[in-house]
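Asks: Here is a sequence with its predicted model. Questions after.
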Amino acid sequence: MSTQLDNGGASGCPFSDPKEFTPWAPEFVENPYPTLKWLRSLGPVAYSEAMDYWLISHHDTIKAILMDSERLSSKTMLMTMTKWPEDVKRELATVIPDRPMLKDLDGEAHAQARRFLRFAFTPRRLEWIRGDIERIADECLDSLFSDGDGEGDLVRNFTDIAPIRVLMKFLGIPDDMREQIRMWSHNREDMLQGNLTEEELRAGVQPLKDYYAYARQRIEELEANPGDDYMSEVIQLWKEEQPENVVWDDVLNILMSLMNAGHATTSDLMGNGMWALLTHRDQWEKLCAEPKLVADTVEEMLRWETSVPAWRRVALVDLEIEGHRIPAGSKLFLLLASGNRDESKVTDGESFDIERTDGRQYVTFSAGAHYCLGQSLAKLELNTFLQRMVARYPQLELRQGFVPDYRVNAFHRGPNSLPVKLGS
Ligand code: HEM
């Protein structure tokens, strides 16, 4: 791979030809935005031979593809980013249901599966969890500086903990399982979406089996002894509507979908947003002086540095997109993070501005039939976390000169740590 900059001078972009593009290049993992800007300058559609994916970088083209669930499939579950060895596949086939997850379903099957989830995802449910989100935020902020020496890791002590605690409460999973679920969930994401070696993949098999086994056991417990949580409500709704036809593998898939979709997405978004705010000191100070800007700030955090920088679709038929012939069966890599900064949608999209008024057309939560089911919960969490953070620690500062590193994952982006202290 070339590291020469033959790319219109996009400093920080390691590629000179889109054919070479992969999301694993260290410069891209560190900062994808120069590459995304360069890809946009080449046009909405490019082809990566290295990945065998079509790269879609313009906002309107991404959105049109997301809206077109007739001709593009969401079935990407088994399209792991690295090839799994046969023994890993065999082992996992014994625990993973041979039925697609919600996000991998198309058409009527998807609409049916989404039904029970949607019915239980109501404003009343958000009100039910609101007090817990506030309590959890306060408890995590109490121990933000527990690392000693007046310093604390904002990721380890807050952004990576608060969302999973909220999710456990939401789904009816005991809080003492939090650390275990956090590790299982990261392992699952890395196996499906990361760039692991065969040895690392083999090491991930047992934790993944344990994760599924625990989820099955928890569903049995919630069925036998329902609580007032969301998952108990989904199970009860299904049993009431179709008592003869509860598909327990699908209930398992619902729980797994939510445990995965509702955790790293929100943790990473909060981590990215805090990094943005603490490295744009004027914006942080403006927000602390005017806390009513919290909601606008969350919108800009969602646009400027999404935690889900890419998503996928597969062409069901031959397509013509922006002059490119894309044969049936082709894989499309939708660069959501690029769409959010597209020059045609947002003025000076590379700059982080909590008072901008033209940033709301982001594709962070996708669009169309699969539009993120948890976006209202995510926004409630992000608003509450930020509001509590600003009220409590306006003097928060990042350790001088600190540059974060990031997990190597094609579909998740968030800092591994953010060391902070209180300034004067
Ligand atoms: C900032 C946080 C979040 C971001 C950036 C995010 C982003 C996304 C994206 C990009 C999709 C893909 C949709 C597609 O295939 O077109 C999605 C789907 C989904 N999200 Fe979120 N999400 C977030 C938080 C949450 C939360 C908190 C939950 C629930 C607890 C959740 C539940 C779901 C579910 C169930 C789906 C699948 C929807 C379907 O396929 O019909 N998400 N999300």
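Replies: Done, it's in. This structure is a prediction, so every number in the text was calculated from the model and none was measured. Residues are numbered from 1 along each chain as shown.
Asks: what about the closest residue to the ligand within the stretch 101-250 of the chain, how many neighbours?
Replies: Relative to the ligand, the nearest point of the stretch 101-250 of the chain is residue 103 (3.8 Å; Cβ to the nearest ligand atom). Heads up, the C-betas are built off the backbone N, CA and C, glycines and all. Using other Cβ atoms under 10 Å, residue 103 has 22 neighbouring residues.
Asks: which SS class is it?
Replies: Judged by DSSP: H, G, I helix; E, B strand; the rest coil, the three-state class of residue 103 is helix.
Asks: And for the one 5 residues further on?
Replies: Look at residue 108: counting by three-state DSSP, its state is helix.
Asks: Which residues of the chain lie near the ligand?
Replies: 66, 74, 102-103, 114, 257-258, 261-262, 265-266, 269, 306-308, 311, 364-366, 370, 372-374, 377-378 (Cβ under 6 Å from any ligand atom).
Asks: Which ones among those lie within strands?
Replies: Assignment to strands by DSSP state E places the following of these there: residue 311.
Asks: List the ones among the residues of the chain next to the ligand that fall in helices.
Replies: Residues of the residues of the chain next to the ligand located in helices (DSSP state H): 66, 114, 257-258, 261, 265-266, 269, 377-378.
Asks: Can you add pLDDT and give these back as TSV?
Replies: TSV is the format used below for those (pLDDT from 0 to 100):
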residue	pLDDT
66	97
114	87
257	88
258	92
261	89
265	96
266	97
269	98
377	97
378	98
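Asks: tell me the two of the residues you listed that are most distant?
Replies: Across those, the longest distance by Cβ to Cβ is 22.5 Å; it joins 114 and 269.
Asks: Looking only at neighbour counts, state which of those two leads.
Replies: residue 269 (27 against 19).
Asks: That one reaches residue 382, doesn't it?
Replies: Yes. Proximity of residue 269 to residue 382 meets the contact threshold set by Cβ atoms under 8 Å, at 6.4 Å.
Asks: intersection of neighbour lists for these two?
Replies: Counting by Cβ atoms under 8 Å, 6 or more residues apart in numbering, the common neighbours of residue 269 and residue 382 are 301-302.
Asks: in this protein, what residue is nearest the ligand?
Replies: The ligand sits closest to residue 374 of the chain, with a gap of 2.0 Å, by Cβ to the nearest ligand atom.
Asks: Hmm, residue 258 and that residue touching each other?
Replies: Yes. Using Cβ under 8 Å, residue 374 makes contact with residue 258 at a distance of 7.5 Å.
Asks: And the helices in the stretch 1-150 of the chain, which stretches?
Replies: Assigned by DSSP state H, counting those that start in this stretch, the helices in the stretch 1-150 of the chain fall at 26-30, 33-42, 59-67, 86-93, 107-120, 123-142.
Asks: Quick one: residues in contact with the longest one.
Replies: What it means is helix 123-142. With Cβ under 8 Å, 6+ apart, helix 123-142 has contacts from 157-158, 161-162, 165-166, 169-170, 228, 230, 233, 376-377, 380-381, 384-385, 388-389, 392-393.
Asks: which of those count as buried?
Replies: Applying 16 or more other Cβ atoms under 10 Å to the contacts of helix 123-142, the neighbour count classes 157-158, 161-162, 165-166, 169-170, 230, 233, 377, 380-381, 384-385, 388-389, 393 as buried.
Asks: So what's the gap between the helix or strand where residue 219 lies and the chain middle?
Replies: Per DSSP states H and E, residue 219 falls inside helix 198-224. Here the centre of helix 198-224 is set off from its chain's centre by 21 Å, with Cα atoms, centre = their mean, to the nearest Å.
Asks: Check which residues of that helix are buried.
Replies: The neighbour-count check on helix 198-224 (16+ other Cβ under 10 Å) flags 201, 204-205, 207-209, 211-212, 214-216, 218-219, 222-223 as buried.
Asks: Next, count neighbours for the residue of the chain closest to the ligand.
Replies: Other residues near residue 374 come to 20 when the count uses other Cβ under 10 Å.
Asks: again with residue 275
Replies: Using other Cβ under 10 Å, residue 275 is surrounded by 22 other residues.
Asks: contacting residues for it?
Replies: 305, 398, 404, 415, 418 are the contacts of residue 275 under Cβ under 8 Å, 6+ apart.
Asks: In PyMOL, select just the buried ones from these.
Replies: Applying 16+ other Cβ under 10 Å to these, the buried members can be selected in PyMOL as follows:
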select buried, resi 305+398+404+415+418
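Asks: could the contacts of residue 275 be laid out in CSV, adding pLDDT and secondary structure?
Replies: Below are these laid out as CSV (pLDDT from 0 to 100; DSSP: H, G, I helix; E, B strand; the rest coil):
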residue, pLDDT, secondary structure
305, 98, coil
398, 97, strand
404, 96, coil
415, 97, strand
418, 97, coil
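Asks: May I ask which two of the contacts of residue 275 are separated the most?
Replies: Greatest spacing in the contacts of residue 275, by Cβ to Cβ: 305 and 398 (15.0 Å).
Asks: Residue ranges in the stretch 1-150 of the chain under the pLDDT threshold?
Replies: 1-10, 78 (pLDDT under 70).
Asks: before we move on, the earlier item: which of the helices of the stretch 1-150 of the chain sits closest to residue 408?
Replies: The minimum distance between residue 408 and these falls on helix 26-30, with 5.6 Å, by Cβ to Cβ.
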